[in-house]
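Undergrad: Have a look at this fold, sequence not included:
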């Protein structure tokens, strides 16, 4: 997220502002329930900070499973219902995960399904609680005011992908309220091309839109309270079909293909949730094992 008055050599600023885009006019949870949710959410995040060193000792498969469960707990603690829809969740392997950007909730939402190393702005490192957790989780921080540092960041991302890992990027470069979106920036897609890694587009959506939006100069504390005090918020992550980076001649074309996938009408069509797919597979092949 960037403030309305900031200027970056490579990162755009969304026109969304809290007063117009982040208002909640629906049912309220009430101050008592909101306070309980906020306490539960912050406690869940703090637990992640404290347990992160122990989680680092687990094998990669177990660590990813733990991250998924923890992120689902954080989302649930804030009173947000989570839906996972679309194509089957990809198995282990190198993957550049790209998504539209609406809220700080996007981070645990994506990590609850496709955990990987996040690319985030440098300022996130200084956030209370969330900053240390992001650093311990292997987040790649980028200084948006130092364009010359970008190639090194892309090389680091490519190295992580070449090693079989996942990297998660929000290529719009700034949060939008969800009623519109920005163009996907190209740089991160070079890492997928260099590592010959597929791109996994996902679409994020919140219903209703207002409470989750974290835009403009919105303080983090205000956003936390707005989400905790809203009733009936649903966060959906829709898994779209992966895109082969080998099929595209350059990062610009690859970025456009990913943006088209996220913005397309097909991304809004109803489909089976992951839980429904798992139940269906279990009925037909009860002995099948799904990846952790």
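TA: Noted; the coordinates are in hand. Here the structure is a predicted model, which means the values were calculated and not measured. Residues are numbered from 1 along each chain as shown.
Undergrad: which one is residue 107 nearest to, not counting chain neighbours?
TA: Excluding the flanking residues, the one nearest residue 107 by C-beta to C-beta, 6 or more residues apart in numbering is residue 118, at 6.4 Å. Quick note: C-beta positions are derived from backbone N, CA and C, even for glycine.
Undergrad: What is the neighbour count of that neighbour?
TA: Around residue 118 sit 22 other residues, with neighbours defined as other C-beta atoms under 10 Å.
Undergrad: quick one: it is in a strand?
TA: Yes - checked against DSSP: H, G, I helix; E, B strand; the rest coil, residue 118 lies within a strand.
Undergrad: I'd say it and residue 142 touch.
TA: No - using C-beta atoms under 8 Å, residue 118 makes no contact with residue 142, being 10.7 Å away.
Undergrad: can you give me the strands for the chain?
TA: Secondary structure of the chain (DSSP state E): strands at 81-86, 95-99, 117-121, 140-142, 166-169, 199-207, 234-239.
Undergrad: got a markdown table for the ones you listed, with mean pLDDT and distance to residue 15 too?
TA: Shown next, in a markdown table, are these (pLDDT from 0 to 100; distance: least, C-beta to C-beta, whole Å):
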| stretch | mean pLDDT | distance to residue 15 |
| --- | --- | --- |
| strand 81-86 | 95 | 28 |
| strand 95-99 | 96 | 20 |
| strand 117-121 | 79 | 19 |
| strand 140-142 | 72 | 23 |
| strand 166-169 | 93 | 22 |
| strand 199-207 | 95 | 19 |
| strand 234-239 | 96 | 23 |
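Undergrad: list the contacts for residue 209?
TA: Neighbouring residues of residue 209 by C-beta atoms under 8 Å, 6 or more residues apart in numbering: 21, 177, 178, 179.
Undergrad: Take those and write them to a markdown table, including distance to residue 246, pLDDT and neighbour count.
TA: Formatted as a markdown table, the contacts of residue 209 follow (distance: C-beta to C-beta, whole Å; pLDDT from 0 to 100; neighbours: other C-beta atoms under 10 Å):
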| residue | distance to residue 246 | pLDDT | neighbour count |
| --- | --- | --- | --- |
| 21 | 38 | 80 | 23 |
| 177 | 35 | 82 | 25 |
| 178 | 32 | 80 | 23 |
| 179 | 35 | 81 | 12 |
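Undergrad: which one's the longest helix in the protein?
TA: helix 31-55 (DSSP state H).
Undergrad: Return the set of buried residues in that helix.
TA: By 16 or more other C-beta atoms under 10 Å, the buried positions in helix 31-55 come out as 34, 37, 38, 40, 41, 42, 44, 45, 48, 49, 52, 55.
Undergrad: Can you tell me which of the contacts of residue 209 comes closest to residue 234?
TA: residue 178 (12.2 Å; C-beta to C-beta).
Undergrad: if we can go back for a sec, please report how far the residue nearest to residue 107 lies from residue 165.
TA: With distances defined as C-beta to C-beta, to the nearest Å, the gap from residue 118 to residue 165 amounts to 12 Å.
Undergrad: mind checking how far residue 42 is from residue 222?
TA: Going from residue 42 to residue 222 by C-beta to C-beta gives 14 Å.
Undergrad: again with residue 46
TA: 20 Å.
Undergrad: which residue packs closest to residue 162, ignoring adjacent ones?
TA: residue 195 (4.3 Å).
Undergrad: The one you found reaches residue 93, doesn't it?
TA: No - Residue 195 is beyond contact range of residue 93, at 11.4 Å (criterion: C-beta under 8 Å).
Undergrad: intersection of neighbour lists for these two?
TA: Common contact partners of residue 195 and residue 93 (C-beta under 8 Å, 6+ apart): none.
Undergrad: what about those two, which has more around it?
TA: Comparing residue 195 with residue 93 by other C-beta under 10 Å, the one with more neighbours is residue 195, at 21 against 12.
Undergrad: Tell me the confidence at the more buried one?
TA: Note for residue 195: predicted pLDDT of 94.
Undergrad: what sits against it?
TA: Listed by C-beta under 8 Å, 6+ apart, the contact partners of residue 195 are 94, 158, 159, 161, 162.
Undergrad: repeat that for 10 Å
TA: Residue 195 makes contact with 94, 96, 157-165, 167, 245, according to C-beta atoms under 10 Å, 6 or more residues apart in numbering.
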